[in-house]
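A.B. asks: Whatever this is, show me its structure:
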Amino acid sequence: MPLQRHPVTLLALVLTLAPGLLVGRPAGAEPANSFRATVLSVGDGDSLRVSSNGQRLTIRLACIDAPEIDQSPWGQQSRTYLLQRLPRGREVTIEPQTIDRYGRTVAEVISDININLVMVEDGQAFAYRRYLGSCESKEYLDAEYRASRRRYGIWQVQGGITRPWDFRRGRFMKR
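C.D. replies: Have a look, this model is predicted:
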């Protein structure tokens, strides 16, 4: 019997040979597909350009959604915050998850810490519930809760600012 016709058999084999795969990686361990890169520029609060092995890539920070630049002043503040955390020339580890419809690599970005998570923790972005499945969702939701309780960044406004996904939807509907 070929394994591709029996996904349950293949899953059982994977779980037998690598039981820790579904639980997550040990602290400090990098996923097999991660790579080192150098920050070239920051676009907004959830995107940046990097260079790795002579190749330039646009990175979309996974599992978060930062205010749009047009969401003044929050979008610019989020971008400035990310620029401070990831100045040009900073070496980072990219942990890719997928490629989005715009060709960007969707990834968690690790400097000395998980930048995606700290953006949420410090009130510079929302946990992007629609796309949390590929990240440690509890960590992101807990970070957002702490930021809201402390009234950091986007949480200075009672209940938080207009969510970026709602802002984009409203902007596109007006056209």
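A.B. asks: what residue ranges in the protein score low on pLDDT?
C.D. replies: Where the chain drops to pLDDT under 70, the residues are 1-32, 171-175.
A.B. asks: Which residue ranges of it form helices?
C.D. replies: 7-17, 74-85, 115-121, 137-150, 164-173 (DSSP state H).
A.B. asks: Can you list the helices and strands that the second one packs against?
C.D. replies: I take that to be helix 74-85. Counting by 3 or more CB pairs under 8 Å, 6 or more residues apart in numbering; DSSP states H and E, the packing neighbours recorded for helix 74-85 are strand 35-44, helix 115-121. In this view, the C-beta of every residue, glycine as well, is placed from N, C-alpha and C.
A.B. asks: for the shortest one, which positions count as buried?
C.D. replies: Pointing back at helix 115-121 there. Using 16 or more other CB atoms under 10 Å as the test for burial, helix 115-121 gives 115-121.
A.B. asks: Just give me the residue right at the centre of this protein.
C.D. replies: In the chain, the residue lying closest to the centroid (CA atoms, centre = their mean) is Ala62, at 2.3 Å.
A.B. asks: what residues does stretch 143-156 touch?
C.D. replies: 67, 74, 77-78, 81, 117, 120-127, 160-161 (CB atoms under 8 Å, 6 or more residues apart in numbering).
A.B. asks: thought Ile115 was touching Gln84?
C.D. replies: No - using CB atoms under 8 Å, Ile115 makes no contact with Gln84, being 11.0 Å away.
A.B. asks: what sits against Met119?
C.D. replies: 45-46, 61, 64, 66, 78, 81-82, 125.
A.B. asks: what's the burial count for Glu91?
C.D. replies: Look at Glu91: counted by other CB atoms under 10 Å, it has 10 neighbours.
A.B. asks: Just to check, it is in contact with Arg36?
C.D. replies: Yes - at 6.3 Å, Glu91 counts as touching Arg36 under the criterion of CB under 8 Å.
A.B. asks: closest to Lys138 among the buried residues of helix 115-121?
C.D. replies: Checking those against Lys138 by CB to CB gives Leu117 as the nearest, at 11.3 Å.
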